[in-house]
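J.: Take a look and give me a structure for this.
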Amino acid sequence: MLQIRVCIGSSCHLKGSYDVIEALQAAIAQLSLRDKVELKAGFCLGQCTHGVAVQVGEQLVLGVQPQEVVELLQKYVLPEVIPPGGSKS
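T.: Numbers count the residues shown, from 1 in each chain. From the prediction side, this is the model:
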């Protein structure tokens with residue numbers, strides 16, 4: 001299961017981390033990824049000036065906005081959880 005961590009430290013909180021979490025929850029459900037990913041909050045990912053910081057597996061994605069989460073999932077998550085030539089289901 002692929003882990004997605006969203007920073008909820010002070011700086012990322014002020015930049016909208018909870019909105020990003022809500023958008024991720026909705027997009028994960030929409031893309032039927034609940035059984036493939038684990039969404040977690042993390043206190044600090046060490047990128048306070050570049051937040052909202054999201055870690056997908058080992059990849060760190062910076063400056064994430066709620067309207068960008070579907071693109072984030074398509075770019076970083078789907079290739080990890082869906083085998084080549086496979087389908088989401």
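J.: where's the closest residue to residue 10 other than its chain neighbours relative to residue 2, distance?
T.: Of all residues not flanking residue 10 in the chain, residue 48 sits nearest, at 7.8 Å (C-beta to C-beta, 6 or more residues apart in numbering). To be clear about C-beta, it is placed using only N, CA and C from the backbone, and glycine gets the same treatment. Between residue 48 and residue 2 the computed distance is 25 Å (C-beta to C-beta, to the nearest Å).
J.: try residue 69
T.: Note on residue 69: its distance to residue 2, by C-beta to C-beta, is 15 Å.
J.: which of these two has more neighbours?
T.: residue 69 (24 against 15; other C-beta atoms under 10 Å).
J.: Tell me the secondary structure at the more buried one.
T.: Recorded secondary structure, residue 69: helix (DSSP: H, G, I helix; E, B strand; the rest coil).
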